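1. Here is my input; please provide its structure:
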Amino acid sequence: MTLPDGMNQNEIDWTEIARTLGALDDDGHEHGSSSDAREAISMIIGPTNLRAAVDFFINHKKGSELVLQVLWLLHPWCAMERCYEIYQNEDDPQMRRDAIGLLRVVADRRALPWIKGLLEDPDEGIQCWSAGIVDQLLWSHLVDPEECAELLQLMQNHPNKEVLERYSFIMEFLNERENDS
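-> So this is what the prediction gives:
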C-alpha cells in the first residue's frame, strides 16, 4: 500500500490512513486491530522501502537482523512478493534460498499458494525453507491446520529428510496444541 494522495513522510494523516484501511467509516465509526496497525505502519514506510528492505536483507548488509525483525513484525505483502520475485528470477541459488528463508518469517496466509511449488523445487535448501514457512504459519496461528492439509501431506511423503523431520515436528506440536485446548 502507498500513502494516500497528498501525504508525505513528514505529515501523517491518521484520519486518511484509517479511512483507507476501513478502520473509519463515513459515519465516524471507528475500529482498530493489530492487523490494521501493521498495515498502517507498512503504509507509512511505503512499499518501495519495504521491498528495498528485502534486498538489503538478501544482500547481508550490516543491520540485516533489524530488517528481518521489522519485516517479521509487519508481514507486508509487498515484502512477500519481493521474496517470491527473487526466488523466481534470481540465478544465484544462495540468493534464492535466502529469499525463501526470509519469506519463512514474513509470510502470512497470502503466501500459501506458493508453498506447494517451493516444496517441489529441486533445490533442497528451498524445500527446507518452504517446510519452515508451513511451520511458522501454523506455529504463529496465522493459518489453520486445515488450510495446510495438502502441504502437510506433501511434506509427509517428501523425499527430503529435513522436510520429513519438519513435518514430524509440526505434527507433534499440533497434537500437543490440540490436547492443551
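2. Count the neighbours of D144 for me.
-> Taking other CB atoms under 10 Å as the criterion, the count of residues near D144 is 11. Using the backbone N, CA and C atoms, a C-beta is placed for each residue, glycine as well.
3. The residue of the chain positioned farthest from its centre and R19: what is the separation?
-> Here the centre of the chain is the reference, and by CA atoms, centre = their mean the most remote residue is D27, at 33.7 Å. From D27 across to R19, the span is 12 Å (CB to CB, to the nearest Å).
4. now V54
-> For V54, the distance to R19 - CB to CB - is 28 Å.
5. Between the two, tell me which one has more neighbours.
-> Higher neighbour count among V54 and R19: V54, with 25 against 14, using other CB under 10 Å.
6. which ones are touching the residue nearest in space to the middle of the chain?
-> Central residue of the chain (CA atoms, centre = their mean): A107, 1.5 Å from the mean position. Counting by CB atoms under 8 Å, 6 or more residues apart in numbering, A107 makes contact with 75, 80, 133, 136-137, 142.
7. biggest helix in the chain, by residue count?
-> In the chain, assigned by DSSP state H, the helix with the most residues is helix 161-180.
8. which strands and helices sit next to that helix?
-> helix 124-139, helix 149-156 (3 or more CB pairs under 8 Å, 6 or more residues apart in numbering; DSSP states H and E).
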